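> the following comprises the amino acid sequence and a computationally predicted model.
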Amino acid sequence: MGTRAKVTKLAFVALLTTLLASAAASADRVTSVMTRDAQANITPAKALTMLKKGNARFVSGDATDYDYNAQVKKTATGQFPFASVLSCLDSRISPEIVFDRGIGDLFVARVAGNFTNDDILGSFEFASKLAGSKLIVVMGHSECGAVKGACDAAQLGLLSTTLASINPAVAAVEGHKPRSSKNAAFVQAVSDMNVRLTMKTMRDRSVVLRQMIDSGEIDMVGAMYDISTGKVTFFKD
Ligand SMILES: [Zn+2]
């Protein structure tokens, strides 16, 4: 074999190796999305398990390699999310990322301090009753700036109004001194209480959601995201 033929052969082998590697990489990417049938087969308990497993993958650094462009194309004609998440505005807690889910998997409502109001409840009624979502997750997080602001009765424009929605949780937590953002245990206790009171408000105020929960069509759980580990801890009451 002449030098030229050798070079050509080497180039061909290199090209083939590159093509095979890129084919293997794209084969590993997840292009599938939630379908009507897949959603119909998911129970509230299964939805919770899926979120727990997704968070475990996220925490262990084994997150799914989603092909978002492919998922965009596949969800263009409809969406069938299996869970709905109410979380804080905080930039560190994107629910789709921390639960390792792709396009079309989750409904997400976010507001500083993850409290609820009629607009959020109406949105969750849509998500659950009309769009088939099986689980509602109310997720707070550690070191929440909104909760700290409420603990300190911070005042700033319309933010004061927003933080006032967390006041019931501040008032409901007893036995901490000082009662300010300087007390980490107090802040966390208020965050926990805020999730529990938000769940109670959602159930008490929305007849639609309460009936769906009572009949077992959907479930509602609380969750707390640890910003230092990425781990989500779920709780029921
Ligand atoms: Zn927050």
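Happy to help now that I have it.
> what's the closest non-adjacent residue to residue 144?
residue 191 (5.4 Å; Cβ to Cβ, 6 or more residues apart in numbering). All C-beta spots, glycine's among them, are computed from the backbone N, C-alpha and C.
> now that neighbour: which helix or strand?
Using DSSP states H and E, residue 191 maps to helix 184-205.
> so what touches that helix?
Helix 184-205 is contacted from outside by 86, 113-116, 118, 121, 124, 136, 138-144, 147-148, 150-151, 166, 168-170, 172-173, 176, 178-181, 209-210, 213, 220, 222-224, 237, using Cβ atoms under 8 Å, 6 or more residues apart in numbering.
> just the strands in this structure please.
83-87, 106-110, 135-141, 219-225, 232-235 (DSSP state E).
> would TSV of those strands with distance to residue 202, mean pLDDT and mean neighbour count be doable?
Listed next are those as TSV, based on distance: least, Cβ to Cβ, whole Å; pLDDT from 0 to 100; neighbours: other Cβ atoms under 10 Å:
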stretch	distance to residue 202	mean pLDDT	mean neighbour count
strand 83-87	8	98	26
strand 106-110	11	98	20
strand 135-141	7	98	26
strand 219-225	7	98	22
strand 232-235	15	97	15
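> residues making contact with stretch 156-172?
111-113, 115, 117, 146-147, 149-151, 153-154, 179, 190-191, 193-194, 197.
> among those residues, which ones lie close to the ion?
residue 146 (Cβ under 5 Å from the ion).
> mind giving me the ChimeraX command for buried ones among the contacts of stretch 156-172?
Applying 16 or more other Cβ atoms under 10 Å to the contacts of stretch 156-172 leaves a buried subset, and the ChimeraX line that selects it is:
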select :111,112,113,115,146,147,149,150,151,179,190,191,193,194,197
